[in-house]
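Student: fold the following for me, if possible:
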Amino acid sequence: MASYFDEISRNKLKSALLFAIFSAFFIGVVYAFALYLGAGIYGIAIAIILVAVYALSTYYIGGRFVLKMSGAKEADRKQNNVLYDTIEGLAAANQLPMPKVYIINDPSPNAFATGRNKKHAAVAVTSGLLAMLSRDELQGVIAHEISHIYDNDIMFMLVAVVFAGAIGIIAAFVRISLFFGGAGGSRNDNAGIIILIALIIGLLAPFFALLIRLAISRRREYMADANGARITRAPKFLASALKKIQSYTRSPSAEGVKRANEVTAPLYFSNPLKVGSIANIFSTHPPIGERIKRLEAMY
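Tutor: Okay, the predicted model is just below:
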């Protein structure tokens, strides 16, 4: 058996390592892109500035954009007093400002936290989650989401998405450039090397960026589970909620969250997309069975 704190420490270390790998990978792609363009150190500086502008704009409008994209509506306190009381109590227990509360009208049971920081955070839950879970199970799920806010996961994952998005944009530019002949400054002298760099950036970089981003997302979910269990001191309630969600997703008639997509999927409590035959390596979340197993082993 493992304590909450052992599980949290282990996941923090693995998350930091993955993020360091992602940062190094991003710097390597930007450097290779500058070589491809023949732009040298100035090209690297310009690329970093552009990514910084992109990151800042995402930071300030990302949370509102995600809520709008998800079809979330601000919840009425009188009609959702149990949800409000649960969020308010857990936020206060962790010395957090009260997040805004949203409801997504969708039968699929799920939830997510978003926002740019602890002072500007929001928790959204689906109507299906509210209908399916008991009050104790709901508290376990909300504790998981509050943990995401407390540990700055909402910003952590935003940075990962920005990095992956920037790599995708660079890769798309390189593919278009290759298709139309390109214009790297040193191409004639080192044509073979330049073509190899272009192929790596254009074809492989987005794939590896995706794998690293998904690994970070899964690791943060494990940590939020452990923290949520620590907050409530009752991992069995979070495990019970996951069992109900697992049972729902295994139903032949089950659908994913209708307004969820590949961009917003990593934010959700469990995978909001319709389950298919894609391998776990491409999943935004750890297997529910493994999450339940870890929770049931905690004390």
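Student: spatially nearest residue to Lys73, not counting backbone neighbours?
Tutor: Once flanking residues are discounted, Lys73 sits nearest to Ile103: 5.8 Å by Cβ to Cβ, 6 or more residues apart in numbering. From N, CA and C alone the C-beta is placed, and that goes for glycine too.
Student: pull the contacting residues for that neighbour.
Tutor: Applying Cβ atoms under 8 Å, 6 or more residues apart in numbering to Ile103 gives the contacts 72-75, 80, 124-127, 130.
Student: please flag which of those sit within helices.
Tutor: Secondary structure defined by DSSP state H assigns 127, 130 of the contacts of Ile103 to helices.
Student: make JSON lines out of the contacts of Ile103 and add neighbour count.
Tutor: Shown next, in JSON lines, are the contacts of Ile103 (neighbours: other Cβ atoms under 10 Å):
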{"residue": "Ala72", "neighbour count": "24"}
{"residue": "Lys73", "neighbour count": "12"}
{"residue": "Glu74", "neighbour count": "12"}
{"residue": "Ala75", "neighbour count": "20"}
{"residue": "Asn80", "neighbour count": "18"}
{"residue": "Ala124", "neighbour count": "27"}
{"residue": "Val125", "neighbour count": "28"}
{"residue": "Thr126", "neighbour count": "29"}
{"residue": "Ser127", "neighbour count": "15"}
{"residue": "Leu130", "neighbour count": "16"}
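Student: for Ser270, state which of the contacts of Ile103 is nearest.
Tutor: Distance to Ser270 across those (Cβ to Cβ) is lowest for Thr126, with 10.8 Å.
Student: so what sits opposite that closest one in the bridge?
Tutor: Beta bridges link Thr126 to Ile104 when assigned by DSSP bridges.
Student: got a pLDDT number for it?
Tutor: We note a pLDDT of 98 for Thr126 in this prediction.
Student: any idea how far Thr232 is from it?
Tutor: Distance, Thr126 to Thr232, using Cβ to Cβ, to the nearest Å: 21 Å.
Student: can you give me the helices for the stretch 1-150 of the chain?
Tutor: Ranges of helices within the stretch 1-150 of the chain are 4-37, 40-69, 81-93, 127-132, 135-150, based on DSSP state H, counting those that start in this stretch.
Student: turn the ones you listed into CSV, including distance to Ile176.
Tutor: Converted to CSV, those look like this (distance: least, Cβ to Cβ, whole Å):
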stretch, distance to Ile176
helix 4-37, 13
helix 40-69, 16
helix 81-93, 46
helix 127-132, 42
helix 135-150, 36
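Student: just name the most buried of those helices.
Tutor: Comparing the helices of the stretch 1-150 of the chain by mean neighbour count (mean count of other Cβ atoms under 10 Å), helix 135-150 comes out on top with a mean of 24.
Student: low pLDDT regions in the chain?
Tutor: For the chain, applying pLDDT under 70 flags the ranges 1-16, 18-19, 39-40, 43-44, 47, 158, 161-162, 178-199, 275-282, 299.
Student: ok, now with 90
Tutor: Within the chain, the segments meeting pLDDT under 90 span 1-66, 115-117, 151-220, 223, 230, 233, 250-256, 260-267, 273-286, 298-299.
Student: mind checking how far the residue minimising distance to the centre of it is from Ala92?
Tutor: Centroid-nearest residue in the chain, with Cα atoms, centre = their mean: Pro266, separated by 3.5 Å. Distance, Pro266 to Ala92, using Cβ to Cβ: 27 Å.
Student: so how far is Arg77 from the residue nearest to Lys73?
Tutor: Ile103 sits 11 Å away from Arg77, taking Cβ to Cβ as the criterion.
Student: do the same with Leu67
Tutor: When Leu67 is compared with Arg77 (using Cβ to Cβ), they lie 18 Å apart.
Student: again with Ala32
Tutor: Where Arg77 is concerned, Ala32 sits at a distance of 52 Å (Cβ to Cβ).
Student: same deal with Glu88?
Tutor: 10 Å.
Student: now do Lys293
Tutor: Taking Cβ to Cβ as the measure, Lys293 falls 37 Å from Arg77.
Student: still on that earlier bit, and of the helices of the stretch 1-150 of the chain, who's closest to Ile201?
Tutor: Taking Cβ to Cβ, helix 4-37 is the member of those nearest to Ile201, at 5.7 Å.
Student: for stretch 202-218, the distance to its chain's centre please.
Tutor: Here stretch 202-218 is found 12 Å from its chain centre; the criterion is Cα atoms, centre = their mean, to the nearest Å.
Student: now stretch 153-163
Tutor: So, by Cα atoms, centre = their mean, the centroid of stretch 153-163 is 7 Å from its chain's centroid.
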